[in-house]
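Need coordinates for the following:
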Amino acid sequence: MKEPKKAYVNIYCKIYTENFSDEMIDREATGQEIYDFLMKDAGLCFDREDRPISGDSNLWYLGCNEKFGNLVYNDQSWKWGFGASSFDIVESFVRAIYEDGLFTAEQYSTLLSRIEEGRRIGDMYLICDYLRVNDMTTAKRK
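Model (predicted):
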């Protein structure tokens, strides 16, 4: 069986007091590993009783943090400073990986959907409120 293609990535943003995962800093990763990381819960949201709320994907913090960060994919680099994070940057990063064939069409579509959802949230400090509301909506449907 053929080994999955790997690429060099560096995925970082400064949030709170270094709470963003360092799992994808300066490493070789497959498309699946990059996808899993972007979709993975950052673990920074809690309900009113201080229980973790799932769904705060790493991808969202990249697109709407207030400080700085960078995304590197092979020889391409995207950087931003204080107050300049953007889902446009994240979308360009994701597109570059997809165009190189590391993401499947389904993964790419899912990532674009999450980016659009993040655009609607717009501010990293609103992610928890957004998830609380959606968690309550889901609970009421059950």
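
Can you name every helix or strand that whichever strand or helix holds Tyr35 contacts?
Element membership for Tyr35 (DSSP states H and E) is helix 31-39. The contact analysis (3 or more C-beta pairs under 8 Å, 6 or more residues apart in numbering; DSSP states H and E) places helix 31-39 against strand 6-13, helix 58-64, helix 87-99, helix 105-121. The C-beta positions use only the backbone N, C-alpha and C, and glycine is treated the same way.

between those, which gets nearest to Asp75?
Among the helices and strands packed on helix 31-39, the nearest to Asp75 by C-beta to C-beta is strand 6-13 (8.4 Å).

Each with direction, which strands does the closest one pair with?
Sheet pairing of strand 6-13 (DSSP bridges) gives strand 27-30 (antiparallel), strand 69-73 (antiparallel).

Specify the angle between that strand and helix 87-99 in degrees.
Strand 6-13 runs at 170 degrees relative to helix 87-99, counting by axes from the mean of the first three to the mean of the last three C-alpha atoms, to 10 degrees.

between strand 6-13 and helix 31-39, how big is the angle?
Using the same axes, to 10 degrees: strand 6-13 against helix 31-39 is 10 degrees.

Can you give me the buried ones in strand 6-13?
7, 9, 11-13 (16 or more other C-beta atoms under 10 Å).

Of those residues, which is the nearest to Leu112?
Nearest to Leu112 among the buried residues of strand 6-13, with distances taken as C-beta to C-beta, is Ile11, at 17.2 Å.

residues in contact with the closest one?
24-25, 34, 37-38, 58, 62, 71-72 (C-beta atoms under 8 Å, 6 or more residues apart in numbering).

swap in Ala29?
With C-beta under 8 Å, 6+ apart, Ala29 has these contacts: 6-7, 9, 37.

Tell me the pLDDT of it.
Note for Ala29: predicted pLDDT of 98.

what's around the nearest residue to Ser57 once chain neighbours are set aside, how many residues?
What sits nearest to Ser57 in space, not counting adjacent residues and going by C-beta to C-beta, 6 or more residues apart in numbering, is Met39, at 5.3 Å. Met39 has 15 neighbouring residues, counting by other C-beta atoms under 10 Å.
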